[in-house]
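*Asks:* Show me how the following folds:
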Amino acid sequence: MNAFNRLILLIVALLLLAVPVFLLLVNFGIIPADVVDQYTGYRGAVQALGDLSASTFTTGVRTVIAVVGALVALIALLLLLRELTFGRRVSRSTVMDDTPGTETVITANAVRTLAESAAREVGAESPSTSLASDDDSYVVFTGIQVPSSDNYTELAARVRENIRRVLGDQGVPVKDVEVTVRGTAL
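*Replies:* From the prediction side, this is the model:
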């Protein structure tokens, strides 16, 4: 989750939590309404909202409000969906060596690039890799295309073994490697 998404989600979460609590405290008289109005000016905003009616807006203004509302909702939904992980849990990085002074961490993007390069090395075309983490090791899912002159099962087996070898040589903890043949390369 990047910092921008975290900031936006934090602001939304705080607003969804703080505003209702704040309004309840004012409603039950725990916080005096005059003090709140003095600092926030909320009564003016409530009065302005109360004076609005649907008949004061033209069709163009209504359309603009609807489009802006839809865009805000779409952006919020996209940010939320980016942060949700459905199915497999993927770690962003893995500690390969935690010896003090020589700590080594490898990112998921580096592991993905290594696996795709290992697949290309033995003749696979257009490899695409996704990762899942299981405990402190990776499960590697690689989809490949096979040249029309090659044997599917032999190439898939070579790709699987080469990915295991390359990642093992680099010290990347791998639990399993799955190779899926997506078809022939044109």
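*Asks:* Could you name the residue of the protein that is farthest from its center?
*Replies:* What lies farthest from the middle of the chain is Asp34; by CA atoms, centre = their mean that is 43.5 Å.
*Asks:* Let me see the ranges of the helices in the protein.
*Replies:* Using DSSP state H, the helices of the chain run over 3-27, 33-40, 42-51, 59-83, 108-121, 152-169.
*Asks:* what distance separates the fourth one from the centre of its chain?
*Replies:* Going by CA atoms, centre = their mean, to the nearest Å, the spacing between the C-alpha centre of helix 59-83 and its chain's C-alpha centre is 20 Å.
*Asks:* cool, and the first one?
*Replies:* In terms of CA atoms, centre = their mean, the centre of helix 3-27 is found 22 Å from the chain centre.
*Asks:* again with the third one
*Replies:* Helix 42-51 has its average C-alpha position 38 Å from the chain's average C-alpha position, going by CA atoms, centre = their mean.
*Asks:* Sort out which residues of that helix are buried, please.
*Replies:* Of all the residues in helix 42-51, not one is buried under the rule 16 or more other CB atoms under 10 Å. In this view, the C-beta of every residue, glycine as well, is placed from N, C-alpha and C.
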